[in-house]
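1. need a structure here:
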Amino acid sequence: QVPLVESGGGLVQAGGSLRLSCAASGRTFSRYHMGWFRQAPGKEREFVAAISRSGVNTYYADSVKGRFTISRDNAKNTVLLQMNSLKPEDTAKYYCAAEIHKAVVTTTANEYDYWGQGTQVTVSS
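-> Purely as a prediction, here's the structure:
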């Protein structure tokens, strides 16, 4: 098990910013590809961003490209999602996830092994 705990969600006006944080327990954090996903009410969980074990490679959904930035600090067992220029359609519960088996980063939710409980992001218009 890899306990993941998200924080940093909240209510923000359109155009504003939030920074989500995901803290992982254990000493093998650097072995995991990490991803952020989100799920709005009545919708499927969707990919937002992902980062490779070393942090060198990052991937983004088209809908957030240029606005969101994923990063990680393996020394602190933390992955961050900086969200700028937020839009009402970014409103969702955001989940952090870890994937430990694949050689390359995946953007498919059901290929991730561990999930946090999520943090709510609400963007008002």
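2. For the residue most central in space within the chain, name its beta-bridge partners.
-> Centroid-nearest residue in the chain: residue 36, 2.1 Å away (criterion: Cα atoms, centre = their mean). When bridges are called by DSSP bridges, residue 36 pairs up with residue 49, residue 96.
3. Might one say that it is in contact with residue 20?
-> Yes: at 7.1 Å, residue 36 counts as touching residue 20 under the criterion of Cβ atoms under 8 Å. To be clear about C-beta, it is placed using only N, CA and C from the backbone, and glycine gets the same treatment.
4. Any idea how many residues pack against residue 18?
-> Using other Cβ atoms under 10 Å, residue 18 has 21 neighbouring residues.
5. quick one, what contacts it?
-> 8-10, 12, 83, 86, 121 (Cβ atoms under 8 Å, 6 or more residues apart in numbering).
6. Going by neighbour count, which of these comes out on top?
-> residue 83 (26 neighbours).
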